[in-house]
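# Here is a sequence with its predicted model. Questions after.
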Amino acid sequence: MKPIVEIFDMTTEELIETIEVPIAHMDQLAALMGWTEPEDFCFGYDLLPEQIKTIEKWTHTTIHGNNRIIQIVCLESS
């Protein structure tokens, strides 16, 4: 699984940016998101401000939230 943060424009719902969360943080990500079952990784989730701040530290990025929809999904690694 490859965790990806997706940032969408709130008005157009157009995908603006994606940020890959390092796989090394997968266990920490599961705890942060409250994921306990394997199927929890299959869905997209809106991120809360506290979750965004933690993911910013892991990815060394700044995720801007004004007029944005910020979600996380896990994609199958190829």
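Nice, I can see it. Numbering: from 1, shown residues only.

# Identify the residues contacting the longest helix seen in the chain?
Scanning the chain for the longest helix, with DSSP state H as the assignment, gives helix 49-59. Here helix 49-59 makes contact (C-beta atoms under 8 Å, 6 or more residues apart in numbering) with 5, 19-22, 25, 28-29, 32-33, 47, 62-63, 65, 70, 72. The way it works is simple: take the backbone N, C-alpha and C, and place the C-beta from them, glycine included.

# going on from that helix, what's the next piece of helix or strand?
Using DSSP states H and E, the helix or strand that follows helix 49-59 in sequence is strand 68-75.

# Starting from that next one, tell me which strands it pairs with and how they run.
Using DSSP bridges, strand 68-75 pairs in its sheet with strand 2-9 (antiparallel), strand 45-46 (antiparallel).

# Could I get the buried residue list for the following helix or strand past the first one?
Next helix or strand after strand 2-9 toward the C-terminus (DSSP H and E): strand 15-20. Using 16 or more other C-beta atoms under 10 Å as the burial criterion, the residues of strand 15-20 that qualify are I19.

# partners of strand 15-20 in the sheet?
strand 2-9 (antiparallel).

# Just want the angle from the partner strand to helix 49-59.
120 degrees (axes from the mean of the first three to the mean of the last three C-alpha atoms, to 10 degrees).

# Can you tell me what sits against strand 2-9?
14-21, 23, 25-26, 29, 44, 47, 55, 59, 63-64, 67-77.

# Low-confidence stretches in this structure?
65, 78 (pLDDT under 70).

# so which of the strands paired with strand 68-75 comes closest to E37?
Closest approach to E37 among the strands paired with strand 68-75 (C-beta to C-beta): strand 45-46, 13.6 Å.
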